[in-house]
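[1] sequence? don't have it. structure:
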């Protein structure tokens, strides 16, 4: 049987390093680069016939008056361009071989300038979101994450209600989820600063998926702990946690490994439109597997042994309470 609980401070300290890095990254503006769904604007993908440098394209767009333009590679000679909300956009993939339609939309004027500068271009897609819609989407996404966390806390507390202080299990699971969320947010904050990676609705969907995966893994571990404690009420809690983690370790790693292989394969062959979704899944599954073992279960031991209270008593020099000495 592996002694996970005996090294709990190593696991928690290792996790704290990543949380601190994430908090620092989120504290430095811009914290996250919102996608078109979370901030009013327009985005369109252009495929160029001739090779075009990304920096040159960005400078050209700024010269057209789009100072806040974002240009991101989306394939060979293909770039995703995000600007302020454009007006009067025509249908996507207008047939240029037939009768020409009057160019009244801003996107048409942009494409005319791009053709004059870089040659033929082909618009792959176009989308635009107003400020009212983006605000509503951001609010609903926040509500979804909060509602999922509250539901998880209530569910776990209800399932483990026959154990002493069942709310501890739900609280530890939520803390593990917050760890996973901070790791993902910190990563995308760094990617946004370095590569202009944006946060969109697919990002929120992936985060909710990671939450479900992580909680599932945590509940499996907690359920095994419940079996140990219920079967032998006098077993030391640390021993029950170690035995439970030892028995579920192979299952957790094998399940996560298969999912990670699938996500990596999709990253290699999938398109740019689902890349952020897959990155969140990849990082979240790895972090979620670790948090179930190294955070959620270890926090239960810390809480059961009152390690935090003992730590502060050492610092302040206060003697433990009489009932603690008797125990």
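    On my side now, so go ahead. Treat the numbers as computed from the prediction; the structure is a model and nothing was measured.
[2] wait, doesn't residue 259 sit right on residue 285?
    Yes: with contact defined as CB atoms under 8 Å, residue 259 reaches residue 285; the gap is 5.5 Å. In this view, the C-beta of every residue, glycine as well, is placed from N, C-alpha and C.
[3] Looking at these two, which one has more neighbours?
    A direct count of neighbours by other CB atoms under 10 Å for residue 259 and residue 285 places residue 285 higher, at 23 against 16.
[4] before we move on, the earlier item: find residues that contact each of residue 259 and residue 285.
    Counting by CB atoms under 8 Å, 6 or more residues apart in numbering, the residues touching both residue 259 and residue 285 are residue 213.
[5] ok, residue 121 - contacts?
    Applying CB under 8 Å, 6+ apart, the residues near residue 121 are 46-49, 111, 114-115.
[6] Return the set of residues that bridge with it.
    residue 48 (DSSP bridges).
[7] swap in residue 126?
    For residue 126, the beta-bridge partners are residue 44 (DSSP bridges).
[8] How many residues are close by it?
    By other CB under 10 Å, neighbour count at residue 126 equals 19.
[9] Residue 256 versus that one, what's the distance?
    Going from residue 126 to residue 256 by CB to CB, to the nearest Å gives 38 Å.
[10] How about residue 204: what's its closest non-neighbour residue?
    residue 141 (4.5 Å; CB to CB, 6 or more residues apart in numbering).
[11] host element of the one you found?
    In the assignment (DSSP states H and E), residue 141 maps to helix 131-159.
[12] buried residues in that helix?
    Within helix 131-159, the residues scored as buried using 16 or more other CB atoms under 10 Å are 134, 137-138, 141, 148-149, 152-153, 156-157, 159.
[13] Mind putting these into CSV with pLDDT and distance to residue 30?
    Converted to CSV, the buried residues of helix 131-159 look like this (pLDDT from 0 to 100; distance: CB to CB, whole Å):
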residue, pLDDT, distance to residue 30
134, 64, 16
137, 73, 19
138, 72, 15
141, 76, 18
148, 79, 26
149, 78, 25
152, 81, 30
153, 80, 31
156, 82, 35
157, 80, 38
159, 83, 41
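[14] follow-up on the earlier one: would you mind identifying the next helix or strand past the helix holding residue 141?
    On the C-terminal side of helix 131-159, the closest following helix or strand by DSSP H and E is helix 167-195.
[15] packing partners for the helix or strand that that next one is followed by?
    Counting by DSSP H and E, the element after helix 167-195 in chain order, helix or strand, is strand 198-199. If contacts are counted by 3 or more CB pairs under 8 Å, 6 or more residues apart in numbering; DSSP states H and E, strand 198-199 sits against strand 33-34, helix 167-195.
[16] Would you mark the buried spots in the helix or strand that comes right after strand 198-199?
    On the C-terminal side of strand 198-199, the closest following helix or strand by DSSP H and E is helix 201-231. Neighbour counts over helix 201-231 (16+ other CB under 10 Å) mark 201-204, 206-207, 209-211, 213-215, 217-222, 224-226, 228-229 as buried.
[17] Okay, angle between helix 201-231 and helix 131-159 too, please.
    Interaxial angle of helix 201-231 relative to helix 131-159 (axes from the mean of the first three to the mean of the last three CA atoms, to 10 degrees): 10 degrees.
[18] Okay, buried residues for the helix or strand just after helix 201-231 please.
    Later in the chain than helix 201-231, the nearest helix or strand by DSSP H and E is helix 237-269. Buried residues in helix 237-269, counted by 16+ other CB under 10 Å: 237-238, 240-245, 248, 252, 255-256, 259, 263, 266.
[19] of all those residues, which comes closest to residue 280?
    Among the buried residues of helix 237-269, residue 263 lies closest to residue 280 (CB to CB), at 9.6 Å.
[20] Roughly how far does that closest one sit from residue 211?
    Look at residue 263 and residue 211: by CB to CB, they are 16 Å apart.
[21] tell me the mean pLDDT over stretch 13-28?
    What stretch 13-28 shows for mean pLDDT is 92.
[22] Which of the three states applies to residue 73?
    Per DSSP: H, G, I helix; E, B strand; the rest coil, the secondary structure class of residue 73 is strand.
[23] I'd say it and residue 57 touch.
    No: applying CB under 8 Å as the test, residue 73 and residue 57 come out as separate, 10.0 Å apart.
[24] what do those two both touch?
    residue 79.
[25] Low-confidence regions, the stretch 101-250 of the chain specifically.
    101-104, 131-134 (pLDDT under 70).
[26] picking up where we left off before, what's the closest of the helices and strands packed on strand 198-199 to residue 106?
    strand 33-34 (21.0 Å).
[27] and for that closest one, what are the contacting residues?
    Residues contacting strand 33-34 (CB under 8 Å, 6+ apart): 70, 134, 138, 192, 196-199.
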